[in-house]
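Asker: got a structure for you, letters missing:
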């Protein structure tokens, strides 16, 4: 299965946060699954760390290298086509305007990924969300 980790899923995984669900942990650990990470998540985490709104147990560069290399995450770049799809994405939940989440949704829809995350706003976009 092709799985796309939401930003908080990656953070909780790397920080051994007990909020990570057992289902999410099992899906991530299953070697039959292919794990992906949106560049939007990397950007979001970098911004939050830089603004001191998110603290990590290791420096951001170490966090990122350990995540990508340790879990074999394939980073999904943001392309021109992604931006066109992003712009056309509806607002099924009017109050959900998080640009990082919406790019993750765009990647999930364009690449047929299932999203691993607990944010129920994703459900309104027609993506498969696992938690």
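Answerer: Thanks, I have the structure now. None of these values were measured; they are calculated from a predicted model.
Asker: what ranges do the strands span in this structure?
Answerer: Ranges of strands within the chain are 2-5, 34-38, 74-76, 114-116, 129-130, based on DSSP state E.
Asker: okay, the ones you listed in JSON lines with mean neighbour count, distance to residue 54 and mean pLDDT next?
Answerer: In short, each C-beta sits where N, CA and C put it, glycine included. Conversion of the strands of the chain to JSON lines gives the following (neighbours: other C-beta atoms under 10 Å; distance: least, C-beta to C-beta, whole Å; pLDDT from 0 to 100):
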{"stretch": "strand 2-5", "mean neighbour count": "22", "distance to residue 54": "16", "mean pLDDT": "99"}
{"stretch": "strand 34-38", "mean neighbour count": "22", "distance to residue 54": "16", "mean pLDDT": "99"}
{"stretch": "strand 74-76", "mean neighbour count": "16", "distance to residue 54": "19", "mean pLDDT": "99"}
{"stretch": "strand 114-116", "mean neighbour count": "23", "distance to residue 54": "19", "mean pLDDT": "99"}
{"stretch": "strand 129-130", "mean neighbour count": "18", "distance to residue 54": "22", "mean pLDDT": "98"}
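Asker: Looking at these, which is nearest to residue 63?
Answerer: For residue 63, the closest of the strands of the chain is strand 34-38, at 11.9 Å, according to C-beta to C-beta.
Asker: And the closest one, what does it pack against?
Answerer: Applying 3 or more C-beta pairs under 8 Å, 6 or more residues apart in numbering; DSSP states H and E, one finds that strand 34-38 makes contact with strand 2-5, helix 60-71, strand 74-76, helix 99-111.
Asker: let's see it at 7 Å
Answerer: Counting contacts by 3 or more C-beta pairs under 7 Å, 6 or more residues apart in numbering; DSSP states H and E, strand 34-38 packs against strand 2-5, strand 74-76, helix 99-111.
Asker: Relative to residue 55, which of these is closest?
Answerer: helix 99-111 (18.5 Å).
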